[in-house]
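Peer 1: Let me see the structure of the following:
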Amino acid sequence: MGALLWLLIPVGAGLIAALWSSWALRHRKSGDVAELAGYARFRDAMEKEHSVSEPAPAGSDSV
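Peer 2: Residues are numbered from 1 along each chain as shown. Below you'll find the predicted structure:
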């Protein structure tokens, strides 16, 4: 009987591994599409020309 209890440990681990792998390989609705859309927004923001701000006054300490 003790040997059967020890056999339950690897069987249980195998079942847990099977459940985890099925969860890890599931089809996700979000993914590359959302990431590519975010990258496109980032690229558009970086390509925009930014207005040049007023130069700092002569007495200011800009480092």
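Peer 1: Can you tell me the SS state at Glu49?
Peer 2: Under DSSP: H, G, I helix; E, B strand; the rest coil, Glu49 falls in the coil class.
Peer 1: Send me the longest helix along the chain as CSV with only the CA atoms.
Peer 2: The longest helix of the chain (DSSP state H) is helix 2-24. C-alpha atoms of helix 2-24 as CSV (Å, rounded to 0.1, in the frame of the first residue of the first chain):
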residue,chain,number,x,y,z
GLY,A,2,2.9,2.4,0.7
ALA,A,3,4.2,1.9,-2.8
LEU,A,4,0.9,3.0,-4.3
LEU,A,5,1.0,6.1,-2.2
TRP,A,6,4.5,6.9,-3.5
LEU,A,7,3.3,6.3,-7.0
LEU,A,8,0.6,9.0,-6.5
ILE,A,9,3.3,11.7,-6.2
PRO,A,10,4.6,11.4,-9.8
VAL,A,11,1.1,10.8,-11.2
GLY,A,12,-0.1,13.9,-9.4
ALA,A,13,2.9,15.9,-10.7
GLY,A,14,2.2,14.7,-14.2
LEU,A,15,-1.5,15.8,-14.0
ILE,A,16,-0.5,19.2,-12.7
ALA,A,17,2.1,19.5,-15.5
ALA,A,18,-0.5,18.6,-18.1
LEU,A,19,-3.0,21.2,-16.7
TRP,A,20,-0.3,23.9,-16.6
SER,A,21,0.9,23.2,-20.2
SER,A,22,-2.7,23.3,-21.5
TRP,A,23,-3.2,26.6,-19.7
ALA,A,24,0.2,28.0,-21.0
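Peer 1: who does that helix touch, helix- and strand-wise?
Peer 2: If contacts are counted by 3 or more CB pairs under 8 Å, 6 or more residues apart in numbering; DSSP states H and E, helix 2-24 sits against no helix or strand. The C-beta positions use only the backbone N, C-alpha and C, and glycine is treated the same way.
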